[in-house]
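Undergrad: Okay, sequence plus prediction incoming.
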Amino acid sequence: MSANSADGSGPGHGEDRPVGRRIILGALGLGALGVAVGAPVQRRLDDTLAGIASKDPTGLVSLLPGGGGFRFYSVADKVPHLSAEDYRLTVDGLVDRPASYRLDELTAMPSTRLVRDVQCVTGWRVPHTAFTGVRLSHLLDLAGVQSNAAAVSFTCFDGVYTESLTLEQARRHDMLVSYEMRDEPLSAAHGGPVRLYAAPMYFYKSAKWLSGITVTERVQAGYWERRGYAVDGWVGKSNGRDDDPTS
Ligand SMILES: Nc1nc2c(c(=O)[nH]1)N[C@H]1C(S)=C(S)[C@@H](COP(=O)(O)O)O[C@H]1N2
Ligand SMILES: [Mo]
């Protein structure tokens, strides 16, 4: 008998294996859903996609393996759904005029369409992908950013994911609050009805299911940034089309 039996967890007691698994799952955390692409995780994501296939007629085919090059990422274990009618985007924090926008109010604003390469920090890439939306800078101007502000935080209606930008980054013309991808309404799997599209940065900066924009004094590291990703997520020169601030 091993020393383990003293506390009742020795071989034959049936507890050491489950405990070990729990520890491993705990160490990986929910992040395993987004980053590790081991076979069981992939199967689970495929199940998620299959589950929404019947509910979501938009854009789904392009997500399926081999279709369009995208991979589906969510640190939450479900695809959150909000209808166009129920969707709201709040803008608050260090602003003179806090606001809450409906989707039709966002789509009625001046729109910008950008075609860039989508690049995930883990290596996959989808060239020449169109995103359409309203410039983040437009929403910030409407809100009236106060003089002590220096950063912007983003929250998502999955209840988990967060992102952030400096105010200077947020005011670039290639930072969009996006409601169309490839000239179609954003599907739920891709973060619809509205996601952030941070064109010059790795795709983890482009928070899906965007629900809140909060102007702050300091950058608050986002979900992946607290787990080691760079807060300044600029795509490297490999992209080649990411550094035109006028577009
Ligand atoms: N809310 C939320 N946004 C997110 C993520 C996430 O897990 N949750 N993953 C990020 C990462 S790491 C990537 S690569 C892209 C993936 O977007 P896609 O699922 O549309 O391909 O979304 C980013 N935005
Ligand atoms: Mo990513």
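TA: Yep, that arrived. Ligands and ions are numbered 1, 2, ... in the order given.

Undergrad: Endpoints of stretch 203-213, how far apart?
TA: End-to-end distance for stretch 203-213, by Cα to Cα, to the nearest Å: 18 Å.

Undergrad: That one - what's its average pLDDT?
TA: For stretch 203-213, the mean pLDDT works out to 97.

Undergrad: Then stretch 222-229?
TA: 91.

Undergrad: Grab the CA positions of that stretch and hand them over as PDB.
TA: Output of stretch 222-229 as PDB, limited to C-alpha atoms (Å, rounded to 0.1, in the frame of the first residue of the first chain):
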ATOM      1  CA  GLY A 222      -8.200  41.700 -21.500                       C
ATOM      2  CA  TYR A 223      -9.000  38.000 -21.100                       C
ATOM      3  CA  TRP A 224      -6.100  36.600 -23.100                       C
ATOM      4  CA  GLU A 225      -3.800  39.400 -22.000                       C
ATOM      5  CA  ARG A 226      -4.200  38.300 -18.400                       C
ATOM      6  CA  ARG A 227      -3.100  34.900 -19.800                       C
ATOM      7  CA  GLY A 228       0.000  36.200 -21.500                       C
ATOM      8  CA  TYR A 229      -0.900  37.700 -24.800                       C
END
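
Undergrad: List the buried residues of that stretch.
TA: By 16 or more other Cβ atoms under 10 Å, the buried positions in stretch 222-229 come out as 222-225, 229. C-betas here are computed from N, CA, C, even on glycine.

Undergrad: Kindly report the same for stretch 74-94.
TA: Residues 74-76, 79-80, 82, 87, 89, 91, 93-94 are the ones in stretch 74-94 that count as buried (16+ other Cβ under 10 Å).

Undergrad: do the same with stretch 106-121
TA: So for stretch 106-121, counting by 16+ other Cβ under 10 Å, buried means 106-107, 111-112, 114, 116-121.

Undergrad: likewise stretch 150-170?
TA: Under the neighbour-count criterion of 16+ other Cβ under 10 Å, stretch 150-170 has 151-158, 161-165, 167, 169-170 buried.

Undergrad: can you narrow these to ones near ligand 1?
TA: 156, 158, 161 (Cβ under 6 Å from any ligand atom).

Undergrad: still on that earlier bit, possible to save the buried residues of stretch 106-121 as a markdown table with secondary structure, distance to ligand 1 and pLDDT?
TA: Formatted as a markdown table, the buried residues of stretch 106-121 follow (DSSP: H, G, I helix; E, B strand; the rest coil; distance: Cβ to the nearest ligand atom, whole Å; pLDDT from 0 to 100):
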| residue | secondary structure | distance to ligand 1 | pLDDT |
| --- | --- | --- | --- |
| Leu106 | helix | 18 | 98 |
| Thr107 | helix | 19 | 98 |
| Ser111 | coil | 20 | 98 |
| Thr112 | strand | 19 | 98 |
| Leu114 | strand | 15 | 98 |
| Arg116 | strand | 14 | 95 |
| Asp117 | strand | 13 | 92 |
| Val118 | strand | 7 | 92 |
| Gln119 | strand | 9 | 88 |
| Cys120 | coil | 4 | 82 |
| Val121 | coil | 7 | 81 |
